[in-house]
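Asks: curious how this folds, go ahead:
(one chain, ligands or ions: 1)
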Amino acid sequence: MTQQRSHWKSSTGFILAAAGSAVGVGNLWKFPYITWENNGGAFVLIYLLCIPLIGLPIMMAEFIIGRHTQKSAVPALTQLGATTFGGDRWKIVGWVGVIAAAVILSYIAVIAGWAVALFVQCVDWSLTGYTAPSENAFGDFLANTSLQFVFAFFFSAATVVIVCKGVVDGIERANRILMPGLFVMIMFLVCYAVTMDGFGEAIGFLFNPRFDALSDQAILEALGHAFFSLSLGMSIMITYGSYLKRSDSIPRAATIIVGLDTLVALSACVIMYSILFTFPELQSSVSKSATGMLFTTLPPLFYAKMSGGVILGPIFYLLIMFAALSSSISLLEVVVALLIDRFSFSRTRATLVSGTLVFILTVLVVLSLDPANGLSRFQLFGTDESGLFYQLNQLFFRGKAGFFNFLDHLVANWLLPFGGLCITLFTGWFLDKKLCVEELGFIGQDGKPQIWFTGFRVIIRFIAPLAIMYVLYTVITGAADFT
Ligand code: PHE
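Replies: Residues are numbered from 1 along each chain as shown. As a prediction, the model looks like this:
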């Protein structure tokens, strides 16, 4: 088994692929939503501090682990852990990452399926004329399980086909098309937003910090979202880093990726808020449901109230599809790489097996969205209203019912912070210091580590773990809920 490991063909290809993973529905939908809920300005500022101070160093740590070992997460942590405290038990972190990736993929496929459905709908409206949908059109769609299967399946199949083609011919090539396409579309929408009446107010809301409007919970939420948005804590960046050549600079790549991710998140806010301030009557629908806003309020608006809606509608949903696809590719690759590296599967077999397993979860998620289905009332420890199981449901899931909510809650509140914490502790306290300096290239003329490295080390040893521990503490005590 001396198969040569694939490597990204170019540094740009790698940056686009990793940025493709980071830029996703989290940027386009979740970030504008939580920023709105947290009253803008001050929250944005906190987020903009969390990104370089905590997100960036953790991303670099994941790249170090992957590139140094040239292995995906589980074998990489097994190898590096072997000679240090804890031994190969560190591989559990890799496993948790793989499970988190599979879980997220299962429901991103469903959300992306909605975007596919709306894209098809918008193209139809643009070509044959707009007819107002009924009040409850989206609710009906959610309850129509077979239709949802079709769209989620279509999306999952596209992911499987791309990952099956491999790192260079599949993942890198797809991202070379998806990402520039995504940037062009988003810039087009931002330019459109600039012409709207609400643009000025949107900018004010985003960049004018009012600290009296900031809650304690907001700081935690900003940190939690930084994790999700940069795809950290779940082995993705370890896996992508393992296809990185020695000659590429980790700090440079990570900085660009983080920058692109933030730029897209802010652009999405500018677009959404320009619409919300131009049509203030919509603002109440945001607080009711973010998905509702995205999938029910916007389409009629594009066609009935905005000039150029025939172009804006399809572009908007195509954008969401592209963003979701480049993220889901990275999620599937984490599972596939494990099967290849650890169990010597061929790529085709690994992709088909993991694609099928994940789709079974997707099926459960879709079923749970139909209020008539028992899965919509699912609770892990039973629905009994009293006793120990009730307490457990409260502790782990805040008593949330429904399979979809359960998965989302499990990942955002437990798996991602756990993965992130372990990665920072491992890199900061147990990984060889010299190895880190070399991988990062932070070596001065005199052969000693540069000041940059000191900064990296202080963050990865102290600041980041403490911040994440605090997040976990609030999750355990019930003060915070990141879903
Ligand atoms: N980072 C993606 C986003 O911002 C979501 C994601 C999370 C993708 C975790 C992969 C892994 O939407």
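
Asks: where does pLDDT dip in the stretch 1-150 of the chain?
Replies: In the predicted model, the stretch 1-150 of the chain carries pLDDT under 70 at residues 1-3.

Asks: let's see 50
Replies: Applying pLDDT under 50 to the predicted model, the residue ranges of the stretch 1-150 of the chain that meet it are 1-2.

Asks: show me where it has helices.
Replies: 11-22, 25, 31-37, 41-50, 56-69, 73-81, 91-128, 137-143, 145-164 (DSSP state H, counting those that start in this stretch).

Asks: out of these, which comes closest to Y303?
Replies: helix 91-128 (5.9 Å; CB to CB). To be clear about C-beta, it is placed using only N, CA and C from the backbone, and glycine gets the same treatment.

Asks: kindly format the C-alpha coordinates of the strand or helix carrying L298 as CSV.
Replies: Assigned by DSSP states H and E, L298 falls within helix 298-304. Backbone C-alpha positions of helix 298-304 (Å, rounded to 0.1, in the frame of the first residue of the first chain) are rendered in CSV as follows:
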residue,chain,number,x,y,z
LEU,A,298,-37.9,36.8,-0.2
PRO,A,299,-39.1,35.1,-3.4
PRO,A,300,-42.4,37.1,-3.7
LEU,A,301,-40.4,40.2,-2.9
PHE,A,302,-37.9,39.7,-5.7
TYR,A,303,-40.7,39.3,-8.2
ALA,A,304,-43.4,41.6,-7.0
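
Asks: neighbouring contacts of that helix?
Replies: Contacts of helix 298-304 from elsewhere in the structure, counted by CB atoms under 8 Å, 6 or more residues apart in numbering, are 118, 121-122, 125, 130, 132-133, 275, 279, 282, 309-310, 312-313, 316.

Asks: how many neighbours does the nearest residue to M469 once chain neighbours are set aside have?
Replies: Excluding its sequence neighbours, the residue lying closest to M469 (CB to CB, 6 or more residues apart in numbering) is L421, at 6.6 Å. L421 has 21 neighbours, counted by other CB atoms under 10 Å.

Asks: hmm, back to that, list only those of the contacts of helix 298-304 flagged as buried.
Replies: Of all the contacts of helix 298-304 considered here, the ones buried according to neighbour count by 16 or more other CB atoms under 10 Å are 118, 121-122, 125, 130, 275, 279, 282, 309-310, 312-313, 316.

Asks: closest one of those to the ligand?
Replies: Distance ranking of the buried ones among the contacts of helix 298-304 against the ligand, using CB to the nearest ligand atom, places F316 first at 16.2 Å.

Asks: from the middle of its chain, how far away would the host helix or strand of the closest one be?
Replies: If you go by DSSP H and E, F316 is part of helix 309-343. Here the centre of helix 309-343 is set off from its chain's centre by 10 Å, with CA atoms, centre = their mean, to the nearest Å.

Asks: same check on stretch 78-95?
Replies: For stretch 78-95, the gap between its own C-alpha mean and the chain's C-alpha mean amounts to 25 Å (CA atoms, centre = their mean).

Asks: for that stretch, buried residues please.
Replies: Burial within stretch 78-95, assessed by neighbour count using 16+ other CB under 10 Å, is assigned to 78-81, 86, 88, 90-94.

Asks: for those residues, work out which two are farthest apart.
Replies: Q79 and I92 (14.4 Å).

Asks: next, count neighbours for the one residue in the stretch 51-200 of the chain that gets nearest to the ligand.
Replies: Relative to the ligand, the nearest point of the stretch 51-200 of the chain is I104 (5.2 Å; CB to the nearest ligand atom). Summarising burial for I104: neighbours were counted as other CB under 10 Å, giving 26.
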